[in-house]
Structure formats: C-alpha cells, structure tokens
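[1] Following is a predicted model, sequence given first.
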Amino acid sequence: MKTNVTPKEWEFSLFFDTQKGLNNTTPLGYIDLKRLFEIYKSNYLKTKSKELFKASDEEKQEKKAKLPYITPTGTFSYRNNESILSYNSSLLVLDIDNLSKEEARDCQYILSSQRGCVLSIISPRGGGVKAMFYLSNEITLENHYTTLTENRGRIATFLDIPQYKEKIDVGQNKLSQPFLIGYNTPSFFNENPLPTYWGIKNIEKKIIEHIPPTFTNRIPTSSIEETRLKAYFDNQLKRDSQSFGLIQKGERHANIWRVGGMSSIIHYAPSLIEAMKREYYILIKNLYSDEAEFKKSRAEKTFYNSWDYGLNNPKNNKIIEQIIRESIVESKKDEQ
C-alpha cells in the first residue's frame, strides 16, 4: 500500500452516482487535491448545492444524492476499510455538525485563518463546516481512528475552536468514511499549505480481550429463569427504544449498528430471538418517515447486516450469566 505524506501526493477516491448517493460504494475514479478544488468550484456543484440548500426535509436526501463524495483518507477499490489502496498519512479531516448558521460562519472563519488549513467550507444547508488540515506529523494507518478520536479535545484546542469540540463528528475518523462535497460561501481553498505548527501523538488501538460466554443457546431449565431472562431483555428493549427516540434525523443510519448489541447477547435466550428481531426491526423502521424511505436509504439492509453480525458473534454478558446462575440455585431450592 502506498503512503502519501504531502498535499501534492494526497489522492482520493471519487464517488458519484445520482441514484445511490452516499450508498454508492464503487469509486468513479481517483483524484488529487487540485482536481478536488476544481470540482468544488464547478458550476454543477454550485447549482446542486443551492438546490440542496432550498430543499425541504422530504427532498433533502434526493438532492444530496446529486452531490459527489470522496474518501479523504486515501483511495479504495471499494468503500470498506479492507480495500484501501493508498493512505494520506498527514491529512486531518474535520466534519463539524449541528451548528447554528452564526456558529458555522464563526467556526469556518477561525479554521480558515489557521496555519495548515487546506480547505474550510460551510455545508450547503449552512449548519456545519467541513475542513482539511496538513498536519506536521503522520498518523499511522492502524491507529488512525483511535488517534484522531482520542485527540479530539487537543485538536479543538490547537485550532482555537474548543467551544465546538463536542460538535466534531468522530464518525469522520473511520478509515473509509465518506466526505460529501458541497459548495457554499464563505469558503477557503489552499493548494500549497504549510504544515501545522503542532502535531498529535499517535495512540495505539485498544485490543479488547474476547471472553467467550459460559452459556450459549441455553434452554431455560425453570420458569424462574425464563421469567427473569425475559424481563431483562424487555427492559433492554425499553432502554434502547428511549435511546433511539433521541436520535436526530441525520444520525439515524449511523446508529443502526447498535442493534447488534442485542443480537450478540440474545443467544442466552434462543426462544426470544425472532420476537426481539421483530421488535428491533420495527424500532429502526419507525425512525424513518415511511417504509419506502426505510428501504431506499438502505436502512433495512443495514439492519439485517448488523443484526446478523451480532448473532454470529455472540458476546459474554456478566449480568445475564449471574441471572442464570441465581435462577439455577433458586430452582434447586424449590426442588428440595
């Protein structure tokens, strides 16, 4: 795999499919920084970005699909982490969301005045800022996500935007995360930046030890155990329902993977698998305006993928194992 250190070496995968939008995972081609700036300043992008700005909430996804996107961390033969071809090791990418229009202008102005700024632009709808910085040090590929995520506070401080630290979307730190290209004003482009005066320390990715569950695909041996297990899973469903109810519209798809948390522990109560799958399917579907949007946005497909992944990778749950042990002891007492 090739490593690109300077902005002149950086290269990106370009994705563009007006039907699939961000769901398109096959690149149209590969571009450099100069070509990226040309796309930003093109009449097509300005026109489509203006249409997105004027779009209603119902039209937003359709209009957004008309815009191209890149993978800023490098080039990919297919948009997943395993298909990376080249890596931009000195590039810091920021996606700052959920800002007021005044905050967005303030944030964009501050970022564009910093040494190392390559790009700083307000999102088409005016509620966010996207930026790129040329770092004075390289970030290792294997620690890319951890390093950027753990250093979010330091990055915000170095860039003089500590007030917006919590608005920096760490999801952008994922290796193959898409970066939507949209035009707005004010904007800042710098094809020949100097590196930042500061750097960030590489932080090693945490390796979590896998502890296999003691009980798997267990059939409850008593009504006590069955009742307590069902109560636990019902309570978990209730908590997840409340949590999903707080998700904002732009965050729906990125949170679907969380259903895997339930499917990875449902092996403790195999009789509840289908019922819980049905409940979580409804829970996710209700995040969308109707079934058509649920399917068109590929949310349904993501749900099934996330659920199946958890089901095929069972996890240990100390609380459930304690419930089973206590239920076995109580059951034996009743038999005496």
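    Perfect, I can see it now. Numbering: from 1, shown residues only.
[2] quick one: low-confidence parts of the chain?
    In the predicted model, the chain carries pLDDT under 70 at residues 207-218, 220-221, 332-336.
[3] what are the ranges of the strands in this protein?
    Along the chain, the stretches classed as strands by DSSP state E are 2-4, 11-15, 29-32, 69-71, 74-76, 84-88, 91-96, 117-122, 129-134, 179-180, 187-189.
[4] Need these in TSV (columns: distance to residue 324).
    (C-beta placed from N, C-alpha, C; glycine too.) Putting the strands of the chain into TSV (distance: least, CB to CB, whole Å) gives the following:
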stretch	distance to residue 324
strand 2-4	50
strand 11-15	47
strand 29-32	53
strand 69-71	45
strand 74-76	44
strand 84-88	42
strand 91-96	43
strand 117-122	54
strand 129-134	49
strand 179-180	46
strand 187-189	59
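[5] Could you export these as TSV, including mean neighbour count and distance to residue 148?
    Shown next, in TSV, are those (neighbours: other CB atoms under 10 Å; distance: least, CB to CB, whole Å):
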stretch	mean neighbour count	distance to residue 148
strand 2-4	15	17
strand 11-15	24	17
strand 29-32	16	22
strand 69-71	23	15
strand 74-76	24	14
strand 84-88	21	13
strand 91-96	23	7
strand 117-122	23	16
strand 129-134	25	11
strand 179-180	18	14
strand 187-189	16	21
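[6] buried set for the longest helix anywhere in the chain?
    Using DSSP state H, we find that the single longest helix of the chain is helix 223-244. Residues of helix 223-244 classed as buried by neighbour count (16 or more other CB atoms under 10 Å): 224-226, 228-229, 232-233, 236-237, 240, 244.
[7] how about the residues you listed in TSV, adding distance to residue 11?
    Shown next, in TSV, are the buried residues of helix 223-244 (distance: CB to CB, whole Å):
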residue	distance to residue 11
224	62
225	57
226	57
228	56
229	52
232	50
233	48
236	45
237	45
240	41
244	38
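[8] Give the single residue among those positioned nearest to residue 116.
    residue 244 (38.2 Å; CB to CB).
[9] if I pick that closest one, what's in contact with it?
    Residues near residue 244 by CB atoms under 8 Å, 6 or more residues apart in numbering: 255, 258, 283-284, 287.
[10] closest to residue 162 among the residues you listed?
    Checking the contacts of residue 244 against residue 162 by CB to CB gives residue 255 as the nearest, at 26.3 Å.
[11] how does the protein divide up, domain by domain?
    Here the domain parsing of the chain from automatic domain parsing is 2-189, 223-335.
[12] Ok, which of those comes nearest residue 196?
    Across the domains of the chain, closest to residue 196 is domain 2-189 (CB to CB), at 3.5 Å.
[13] what about the closest one, start to end distance?
    25 Å (CA to CA, to the nearest Å).
[14] Excluding residues flanking it in the chain, which one is nearest the most centrally placed residue in the chain?
    Most central in the chain under CA atoms, centre = their mean is residue 171, positioned 3.8 Å from the mean C-alpha point. Among residues not flanking residue 171 along the chain, residue 254 sits closest, at 5.8 Å (CB to CB, 6 or more residues apart in numbering).
[15] shouldn't the one you found be in contact with residue 172?
    No: the pair residue 254 / residue 172 is not scored as a contact, 10.7 Å apart, by CB atoms under 8 Å.
[16] Mind checking which of these two has more residues around it?
    More neighbours surround residue 172 than the other of residue 254 and residue 172, with 20 against 14 (other CB atoms under 10 Å).
[17] which ones are touching residue 2?
    Each residue near residue 2 by CB under 8 Å, 6+ apart is listed here: 85-87.
[18] quick one on the thing from earlier: take the contacts of residue 244 and keep only those in helices.
    Within these, residues falling in helices by DSSP H are 255, 283-284.
[19] Which of those ranks first by neighbour count?
    Each of the ones in helices among the contacts of residue 244 was scored by neighbours using other CB under 10 Å; the highest score is residue 284's, at 22 neighbours.
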